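J.: Sequence and predicted structure, then a few things I'm wondering about:
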Amino acid sequence: MADIFISYASEDRNRVRPLAEALQERGFNVWWDRSLAAGQDYTAIIEKELKDAKAVIVLWTQSSANSTFVRDEAGRARDEGRLVPIMLDSVQIPLGFGAFQAEDFTRWNGGANAPQMQLLVEVLSAKLSGREVNSNEIQRRRSRLGMRVRIVSVLTVIALIAGIAWVVNDFVRPNPPPPDLRAELLRLLADGQLTPEQAIQLAQILESGALGETSEARLGAPSPGAASETAPSAAPTDGVVSQASFEETASAAYREAFVALAAHPDAEVRLAVAQMSQDSTRDAAMQTLWAYANAHPEDPLRDQIYLLCGSVGEVNNNPLGQRALEQATSLRSRDPAVWRMLSRSYSRVNRSGEAEAAAQVSDGVAAQNAGDTAVAEQQLQQALPQLTSPELRAPVASELGQIAEARGDFSAASARFSQAYTAREQVAQAAPDSAAAGSIEADAQQLVRALDRSGRTREACERLRQAQEQHDVAAPDAELLQRCQRQFRTNLRNDVQLSPQLQRRAIQVRPEVTPAPTP
């Protein structure tokens with residue numbers, strides 16, 4: 001039984017975790033439905049936890065304001081004097097709840113020590129101890145908070161621009177911003193004053209030339225995100241990525257990752273991102289980000305963490321940079337920038353064959369992104385034999401499988417997907433939490449689908465059965481699942497959900513293929 005129950009709309013689940021963790025960090029006993037164990041009666045558990053909680057936090061958002069369940073839970077808490085409303089979005093609070101002051105968390109950055117959390121802690125402490133909340137004192141503190149946020153926003157503008165400008169001016173040969181601005185940035189982050197909205201806004205200010213000239217004019221670098229689109233001609237004719245190409249790519253990759261991670265919901269991540277620009281804190285910050293990424297495989301910004309660690313690590317000759325780039329190849333397999341930086345990394349440690357192969361992959365995926373699949377296939381085929389690590393062979397083999405699948409050659413596609421799947425299994429055995437291991441489900445599904453379309457449905461069903469037993473893999477589609485169960489009597493599970501990676505990936509239009517008779 002928990003003291004605090006959090007009520008929210010299911011669409012906001014990813015936004016709830018930082019609040020629950022921040023409250024737990026402050027010593028509170030919190031329940032939200034992620035605490036449910038498999039097989040428990042969902043409705044009965046929620047009813048019990050809602051009834052037993054001494055305080056009920058209701059998170060008002062665009063989604064929850066329209067949720068019947070949230071309004072029902074909020075109504076019970078209101079009627080029993082346990083309601084603690086919080087606004088995550090600027091929304092019209094439903095009728096019946098407008099008289100209750102909602103704490104404004106629309107600009108909260110996820111930090112446990114943020115000013116908004118200090119107000120919430122006071123309210124919760126009063127609820128849990130059974131005493132009345134001093135509304136006058138809370139209102140005075142709200143007023144002071146509003147003034148503080150307005151003042152700090154100006155300082156944050158200066159500090160964040162300094163942090164972003166570090167890459168603009170001196171990323172490759174760092175000359176850190178003035179110590180007072182750097183310290184101010186770190187202090188603001190540690191105090192929970194920096195918001196994701198401010199970070200995005202400041203990045204846009206910098207890119208628009210608010211400091212008198214654009215970042216491109218100072219560095220000659222592409223705009224954020226352009227690292228993924230750099231033409232393959234950036235690699236020289238000898239097959240090794242040049243220092244100039246690496247510097248340009250690393251600068252753009254750093255800026256892209258910095259802007260993305262400035263909006264990360266976890267305050268620890270944002271603080272580590274800022275600390276990457278300081279010699280004294282850089283290595284510890286990289287370790288923090290590395291540990292976070294490995295512990296949160298579901299984080300949608302995991303690839304950006306590896307991109308940041310990879311670019312900064314390589315600039316500063318930190319071995320963790322190479323490991324981060326290797327992880328990134330599974331999450332951003334079609335990003336030429338990742339392979340280009342990895343090529344330079346291998347060249348730096350005298351792994352010339354792999355350096356040349358990574359440069360070829362960079363050219364190949366750039367051609368693939370541009371629609372030139374013939375050049376892409378040639379480059380990837382030449383690179384694959386030189387990649388000794390199964391962690392790198394897997395994404396390259398998978399890309400070759402997708403190229404073959406797109407032209408309707410399902411036999412060749414199944415062979416490539418089989419290579420990728422085998423390599424992923426090798427990685428999963430050695431490092432089950434790695435990014436490469438996390439892609440094993442997608443490769444298994446692609447292999448099963450290609451085998452079926454090549455007329456080897458019995459084999460496809462058997463491979464699916466093995467994959468379900470070993471890796472909890474779903475069938476690529478319901479129709480194939482039914483054929484495997486009915487026609488071939490294959491013992492398959494029906495309750496495994498389709499991989500989100502395959503749900504997002506655009507499936508090529510299937511040519512009319514008549515499967516060969518299955519023996």
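T.: Thanks, I have the structure now.
J.: which SS class is Ala428?
T.: Put simply, Ala428 is helix when judged by DSSP: H, G, I helix; E, B strand; the rest coil.
J.: Surely Asn113 forms part of a helix?
T.: No - the assignment for Asn113 (three-state DSSP) gives coil, which keeps it out of a helix.
J.: So what's the residue count around it?
T.: Number of residues near Asn113 (other Cβ atoms under 10 Å) recorded here: 15. Every residue, glycine included, has its C-beta placed from N, CA and C.
J.: how is this protein carved up into domains?
T.: Here the domain parsing of the chain from automatic domain parsing is 4-133, 140-362, 389-519.
J.: export those to TSV and tack on mean pLDDT and distance to Val375?
T.: Shown next, in TSV, are those (pLDDT from 0 to 100; distance: least, Cβ to Cβ, whole Å):
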stretch	mean pLDDT	distance to Val375
domain 4-133	84	39
domain 140-362	68	9
domain 389-519	78	11
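J.: could these go into a markdown table alongside distance to Gln378?
T.: Formatted as a markdown table, the domains of the chain follow (distance: least, Cβ to Cβ, whole Å):
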| stretch | distance to Gln378 |
| --- | --- |
| domain 4-133 | 41 |
| domain 140-362 | 9 |
| domain 389-519 | 10 |
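J.: Looking at those domains, which is nearest to Gln382?
T.: For Gln382, the closest of the domains of the chain is domain 140-362, at 5.6 Å, according to Cβ to Cβ.
J.: For Ala394, which residues are in contact?
T.: Ser330, Gln419, Ala420, Ala423, Arg424, Val427, Ala436, Ser439, Asp443 (Cβ atoms under 8 Å, 6 or more residues apart in numbering).
J.: biggest separation within these, which pair?
T.: So, the contacts of Ala394 by Cβ to Cβ: farthest apart are Ser330 and Gln419, at 14.6 Å.
J.: Near Leu261, how many other residues are there?
T.: Leu261 is flanked by 23 other residues according to other Cβ under 10 Å.
J.: and it, what does it touch?
T.: With contact set as Cβ under 8 Å, 6+ apart, Leu261 has these partners: Val269, Arg270, Val273, Leu301, Gln304, Ile305, Leu308.
J.: so who does the fourth one touch?
T.: Right, the one you point to is Leu301. Counted by Cβ under 8 Å, 6+ apart, Leu301 has contacts Ala260, Leu261, His264.
J.: Backbone dihedrals for the first one, please?
T.: So that's Ala260. Main-chain dihedrals, Ala260, degrees, to the nearest 10: phi -70, psi -40.
J.: Now it. Nearest residue, chain neighbours left out?
T.: Spatial nearest neighbour of Ala260, excluding adjacent residues (Cβ to Cβ, 6 or more residues apart in numbering): Gln304 at 4.4 Å.
J.: Hmm, Tyr254 and that neighbour touching each other?
T.: No - the criterion here is Cβ atoms under 8 Å, and Gln304 misses it with Tyr254 at 10.6 Å.
J.: hmm, back to that, Ala383 is nearest to which of the domains of the chain?
T.: That would be domain 140-362 among the domains of the chain, by Cβ to Cβ, at 3.9 Å.
J.: Could you pull out the buried residues of the strand or helix carrying Ala404?
T.: In the assignment (DSSP states H and E), Ala404 maps to helix 390-406. By 16 or more other Cβ atoms under 10 Å, the buried positions in helix 390-406 come out as 390-405.
J.: All the strands of this protein, in order from the start?
T.: For the chain, the strands defined by DSSP state E occupy 4-7, 30-31, 55-60, 83-87, 103-104.
J.: angle of the fourth one against strand 55-60?
T.: Put plainly, it is strand 83-87. 30 degrees (axes from the mean of the first three to the mean of the last three Cα atoms, to 10 degrees).
J.: how about the helices in the stretch 301-450 of the chain?
T.: 302-315, 319-331, 336-348, 352-369, 373-383, 390-406, 410-430, 435-438, 440-453 (DSSP state H, counting those that start in this stretch).
J.: related to what we said a few turns ago, any idea which of the domains of the chain gets closest to Gln379?
T.: Per Cβ to Cβ, nearest to Gln379 of those: domain 140-362, 4.9 Å.
J.: Report the separation between the nearest residue to Gln446 once chain neighbours are set aside and Thr490.
T.: Leaving aside its chain neighbours, Gln446 sits nearest to Phe417 (4.6 Å; criterion: Cβ to Cβ, 6+ apart). Between Phe417 and Thr490 the distance is 19 Å, computed by Cβ to Cβ, to the nearest Å.
J.: So which of those two has more stuff around it?
T.: Each of Phe417 and Thr490 has its neighbours counted (other Cβ under 10 Å); Phe417 has more, 29 against 18.
J.: Looks like that one contacts Ile440 (just checking).
T.: No - applying Cβ under 8 Å, one finds Phe417 not in contact with Ile440, separated by 11.5 Å.
J.: Which pLDDT does the model give the spatially closest residue to Arg407 that is not a sequence neighbour?
T.: Of all residues not flanking Arg407 in the chain, Thr373 sits nearest, at 7.4 Å (Cβ to Cβ, 6+ apart). Per-residue pLDDT puts Thr373 at 92.
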